[in-house]
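> Turn this into a model:
(one chain, ligands or ions: 1)
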Amino acid sequence: MLSKSMESALNEQLVLEGYASFLYLSMASWCDQEGLEGCAKFMYRQSEEETQHMMRIFNYINEMDGHALAPAIAQPPHTFESVKVLFDKVYAHEQKVTAAINELVAQSYDEKDHATFNFLQWYVEEQREEEALMRTILDRIKLIGDGPQSLYYIDMELDKINKIEEKEAAASGE
Ligand code: OFO
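I've put the predicted structure just below:
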C-alpha cells in the first residue's frame with residue numbers, strides 16, 4: 001500500500017513522463033517536416049517509450065491500491081530553432097526527469113517503502129541510459145557541426161543509432 005504522499009508524488013511523475021511523450025512526439029513531427037527522417041524515427045520511438053514509462057507508473061499505483069490519475073498534459077512547443085536546440089531540450093528534459101526520479105527514490109527510502117524503492121530502480125537505470133544516449137548524440141552534433149550542410153550527416157548518425165536501438169530491442173524482446 002502506498003502512503004498518500006507517495007501516491008501523489010507518483011501521480012506527479014506521470015505528468016512528467018506524459019509531457020516527455022508529447023514533447024518528443026512534437027519534436028518527431030518537426031523533424032518530419034524538416035525532412036530529417038532519421039531524427040523523426042528516433043523521436044517517435046522516444047515518444048512511445050515515454051508513454052510506456054507513464055503507463056508503468058500508472059499501473060503500479062493502481063496495483064498498490066492507490067488511484068492513478070490520467071494526467072493533464074501541457075501543450076509542448078511545435079517548432080525548434082535547430083536540430084541542436086532540439087536535442088539540447090531533450091537532454092534538459094531527461095535531466096529534469098532524472099532529478100524527479102531521484103527525489104522519488106529518496107522519498108521511498110525515507111518511508112521504508114521497499115516495494116516502491118525496488119520499482120523505481122528500473123527508472124534509475126533507464127535515466128542513466130537515456131542521459132548517456134543524449135550526450136552521445138550531442139557530442140556527434142558537436143563534431144559534425146549543425147549548419148545546413150551538416151543536417152544530412154546528423155540525420156545519418158541518428159539512423160545508425162536507430163538501427164542499434166532496434167537491434168537491442170529485438171534482442172531483449174521489447
Ligand atoms: Fe521516462 O523519461 Fe526519459 O527515459
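> Ala115 touches Met64, doesn't it?
Yes - Ala115 is in contact with Met64 according to C-beta atoms under 8 Å; the separation is 7.0 Å. Where you see a C-beta, it was placed from the backbone N, CA and C, and this is true even at glycine.
> Next one: Asn118 from the ligand, what distance?
18 Å (C-beta to the nearest ligand atom, to the nearest Å).
> three-state assignment of that residue?
Under DSSP: H, G, I helix; E, B strand; the rest coil, Asn118 falls in the helix class.
> and what of Pro71?
Applying three-state DSSP: Pro71 is coil.
> May I have the residues that are in contact with it?
Contacts for Pro71 (C-beta atoms under 8 Å, 6 or more residues apart in numbering) come out as 11, 14-15, 18, 54.
> so the spatially most central residue of the chain is in which element?
Centroid-nearest residue in the chain, with C-alpha atoms, centre = their mean: Glu50, separated by 5.0 Å. Per DSSP states H and E, Glu50 falls inside helix 37-63.
> List the buried residues of that helix.
38-47, 49-51, 53-54, 57-58, 60-61 (16 or more other C-beta atoms under 10 Å).
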